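Asks: I would like the atomic coordinates for the input below:
(2 chains)
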2 protein chains.
Amino acid sequence: VAADPLTRAAAEADDAADPLAAFRDRFVSDAAGVIYLDGNSLGRLPVATRERLGAAAAEWGERLVGGWHDWIDAPVRTGDLLAEQVLGAGPGEVVVCDSTTVNLFKLVGAVLDAPDTPRHPPALVTDRGNFPTDRYVVEGIAAQRGLELRLFDGEPDAATLPCGAGDVVVLSHVGYRTGALADLPALQAAARERGATLIWDLSHSAGAVPVELRASGAELAVGCTYKYLNAGPGAPAYLYVASALQAELRSPIWGWFGQRELFAMERDYDPDPSIRRFLAGTPPILGLAAVEEGIRITADAGIAALHAKAVAVTERIVALHDAWLAPLGFELATPRDPARRGSHVALRHPRAWQITRALVERAGVVPDFRGPDAVRLGVAPLYIRHVDVWDALDRLRDLVARRGHEEFDPSPGRVT
Amino acid sequence: VAADPLTRAAAEADDAADPLAAFRDRFVSDAAGVIYLDGNSLGRLPVATRERLGAAAAEWGERLVGGWHDWIDAPVRTGDLLAEQVLGAGPGEVVVCDSTTVNLFKLVGAVLDAPDTPRHPPALVTDRGNFPTDRYVVEGIAAQRGLELRLFDGEPDAATLPCGAGDVVVLSHVGYRTGALADLPALQAAARERGATLIWDLSHSAGAVPVELRASGAELAVGCTYKYLNAGPGAPAYLYVASALQAELRSPIWGWFGQRELFAMERDYDPDPSIRRFLAGTPPILGLAAVEEGIRITADAGIAALHAKAVAVTERIVALHDAWLAPLGFELATPRDPARRGSHVALRHPRAWQITRALVERAGVVPDFRGPDAVRLGVAPLYIRHVDVWDALDRLRDLVARRGHEEFDPSPGRVT
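Replies: Residues are numbered from 1 along each chain as shown, chains lettered A, B, ... in the order given. This is a model prediction of the structure:
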């Protein structure tokens, strides 16, 4: 008979049966052995990446400028790997470059400048709860171009998505606070019906849940690689442009790596016909090496297995929350339906800031705080075990029951 | 008595007296021991950087998201070091981020969007011979905004700089092809007199010649770190905004790292009052670590000593060219006055492409080709010896005298 699912023994049993259990050893452990529930802010360092960075530096030292014969293809080569293994996109549809912010700026600008943009002024649409940099990018472009910025409240919903013909909509696939997983195919279809162009931010979904860009008819997307893809702090980001749209879109940032025949330097700007046209400056080769290693581990595990693990671990968090934490004043801010969430769970509590600090500084647990009132528990399926979340929630229950968080300053300060 | 300056013995004597001689050992050697005259495309790998990259990765693995408490200041901290040691700028005037292309895009856009831009449409001005990405950026912005793109021929000259009130001018401090060093103070004064705003690209000067931004009244600049600053392929670039201008300028790319109180995520965009407002996305921490190490070596040597070495080595190239190469059909494309050039020399020859290939593949010398007809010899003063250029030009003379280049395809292909 199965053990009571709320026991540590049950968590241990689930770990023993976990097909991904061995992946944990492919990451470097921190000396303190913290329970790291913030892999969705910054993923852990893969052992292979540590080695690869050394090799990439050695290659620079050895090949010098001649290394560019291979490096020049790294943004597209890495993008192809990401497309095939993680994003459900085709070859030549993804390129790894710049930051999520800069890539989103490029894609919004590209859509607005496209020849077939309708003559009436489009609105830029996003949800008020979207990640700050996404909001700022569209807010900035709206201000510069004198366009309407339309911010809507609540989770994105296909039935009510407030957009019309020619509008540009930016949505996150998984919400950074709530962990809610948007219905990408339905929203994509809704945008298409209304004649709007939709750009997805995949930062909180890629590597943890299936992202079937092609199958869903998604046209444009951006995302970062330093969360579930474990490519390191500030690692290069990516952008996706469906093949059919590439000819008509052009980055607003005209740079030499987007140029057709890059080294024919005497010509006017003539963007490369491929996804390369969305490159700008010289690509960061060491950063790209880390991205490639991060994607490889994800590919080895497989998105289906990662998603199954994410569901199982977040289900355990929900169950333990209901049994242990709800009586202490917590409230689940993440959808209960596992098909409607990513790989993190947000627990609301009026003292969320203090509780987060206490977990980090007294309990060896690293969650994240997301204002105004959420403790966010990210469970990177490559290296988080069922016992990790059991132990973390056990410590959280104990901490709050004995009011251990009250020694901490109640004003939110700087955290990531 | 001094030896004949054209002999190898004279070069050896100059190396023996070189106060920077020991810096060569602070760089990783390639196994083949090529004579590397392309450090102005991609600098060599410093030994300290190899170690620092390992330490930076270890810090990521150990500190995880908590590392951001320090990493968050890396763009400005590294920028301050660069400002003080290399650029002649003040603290808080330089930030290391993004690529040169993206940074130039940000600064041109910031100037055009500034509240005091005159109502008549400004022209965007640069020289036709400027580096491609600089031309492309201004060409793109001109096209998007419907502004005049004014390309002028020849080297930038203060007397004839074709700009007027409100125009935005982009110039390189050292020309990537000819190696000509622009008269920065005079051009800056000319732009100011005419009411134009001048943005400098310091990619080919920083780390090799003095760049006194503050003393020259320079207002805006960008540059890369992978040439004389030896920060690695595609390393983060930098931008400079004089303190007095920061309040009125705002990046067109509104991102979360440019936001005041970055982690107060619920607010509208409100740019940080400092140079941070020119940041966009999450900064690349491994890349920044390499930039810091590259700047430190440059700082240890000192710009005055580096410039003196650059002058001495390029003087030797000019003398050997005149004696050995001019009779073989070469022509000096770089100013003879050492006060008017950077740390590279371009030699024009109708067979420059074939000669470059032959040097790389048959002679163990790595110069660069720059179309249509130049062999470019970069002499990074931190690690190039006088005997290196003597040997390189000796091999070049021998190669061309026996027509060894004629076995190579005369059509330029892909090189960097």
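Asks: roughly how far does the residue of the stretch 151-300 of chain A found nearest chain B sit from residue B:129?
Replies: Of all residues in the stretch 151-300 of chain A, residue A:281 sits closest to chain B, at 2.5 Å by C-beta to the nearest C-beta. (C-beta placed from N, C-alpha, C; glycine too.) With distances defined as C-beta to C-beta, to the nearest Å, the gap from residue A:281 to residue B:129 amounts to 20 Å.
Asks: what about the two, which has more around it?
Replies: For residue A:281 against residue B:129, the residue with the higher neighbour count under other C-beta atoms under 10 Å in any protein chain shown is residue A:281, and the figures read 27 against 20.
Asks: tell me the SS of that one?
Replies: With DSSP: H, G, I helix; E, B strand; the rest coil as the basis, the three-state label of residue A:281 is coil.
Asks: from what I see, it and residue B:105 are in contact.
Replies: No. The pair residue A:281 and residue B:105 does not pass the contact test of C-beta atoms under 8 Å, sitting 9.3 Å apart.
Asks: centre of the chain to stretch A:160-171, how far?
Replies: 22 Å (C-alpha atoms, centre = their mean, to the nearest Å).
Asks: count the neighbours of whichever residue of the stretch 51-200 of chain A sits closest to chain B for me.
Replies: With C-beta to the nearest C-beta as the measure, residue A:99 is the residue of the stretch 51-200 of chain A nearest to chain B, at 2.5 Å. Counted with other C-beta under 10 Å, the neighbours of residue A:99 add up to 28.
Asks: spit out the contact partners of the closest residue to it other than its chain neighbours.
Replies: With C-beta to C-beta, 6 or more residues apart in numbering or on different chains as the measure, residue B:281 is the residue that lies nearest to residue A:99, at 2.5 Å, once sequence neighbours are left out. Applying C-beta atoms under 8 Å, 6 or more residues apart in numbering or on different chains to residue B:281 gives the contacts A:98, A:99, A:100, A:101, A:102, A:133, A:234, A:237, B:255, B:256, B:257.
Asks: switch to 7 Å and redo it
Replies: Residues touching residue B:281, when contacts are defined by C-beta atoms under 7 Å, 6 or more residues apart in numbering or on different chains, comprise A:99, A:100, A:101, A:102, A:133, A:237, B:255, B:257.
Asks: now residue A:328
Replies: With contact taken as C-beta under 7 Å, 6+ apart, residue A:328 is in contact with A:397, A:400, A:401.
Asks: pLDDT score for it?
Replies: Here, the pLDDT recorded for residue A:328 equals 97.
Asks: got phi/psi on it?
Replies: phi -100, psi 10 (degrees, to the nearest 10).
Asks: residue A:21 versus that one, what's the distance?
Replies: Residue A:328 sits at a distance of 31 Å from residue A:21 (criterion: C-beta to C-beta).
Asks: over to residue A:391?
Replies: Applying C-beta to C-beta, one obtains 16 Å for the distance of residue A:391 from residue A:21.
Asks: for chain A, which residue occupies the most central location?
Replies: Taking C-alpha atoms, centre = their mean, the centroid of chain A lies closest to residue A:203, which sits 1.7 Å from it.
Asks: where exactly do the helices run in the stretch 101-250 of chain A?
Replies: Assigned by DSSP state H, counting those that start in this stretch, the helices in the stretch 101-250 of chain A fall at A:132-145, A:184-194, A:243-246.
Asks: report the contact partners of residue A:36.
Replies: For residue A:36, the set of contacting residues under the criterion of C-beta under 7 Å, 6+ apart consists of A:44, A:366, B:64.
Asks: right, and the helix or strand after the helix or strand of chain A at the bottom of the mean pLDDT ranking?
Replies: Among the helices and strands of chain A, strand A:368-370 carries the lowest confidence by mean pLDDT, DSSP states H and E, at a mean of 94. The helix or strand immediately downstream of strand A:368-370 is strand A:374-378, counting by DSSP states H and E.
Asks: which ones among the contacts of residue A:36 lie within strands?
Replies: Using DSSP state E, the members of the contacts of residue A:36 that fall within strands are residue A:366.
Asks: show me which of the contacts of residue A:36 is closest to residue B:356.
Replies: If you rank the contacts of residue A:36 by distance to residue B:356 using C-beta to C-beta, residue A:44 comes first, at 44.8 Å.
Asks: tell me how far the ends of stretch A:332-345 are from each other?
Replies: Distance across stretch A:332-345, first residue to last, is 8 Å (C-alpha to C-alpha, to the nearest Å).
Asks: now swap in stretch A:271-280 and tell me
Replies: The distance separating the two terminal residues of stretch A:271-280, taken as C-alpha to C-alpha, comes to 10 Å.
Asks: so how far is it from its chain's centroid?
Replies: Relative to the centre of its chain, stretch A:271-280 is centred 23 Å away, using C-alpha atoms, centre = their mean.
Asks: give the buried residues for it.
Replies: Applying a neighbour-count criterion of 16 or more other C-beta atoms under 10 Å in any protein chain shown, the buried positions in stretch A:271-280 are A:271, A:272, A:274, A:275, A:276, A:277, A:278, A:279, A:280.
Asks: then stretch A:30-49?
Replies: In terms of neighbour count (16+ other C-beta under 10 Å), stretch A:30-49 has its buried residues at A:30, A:34-49.
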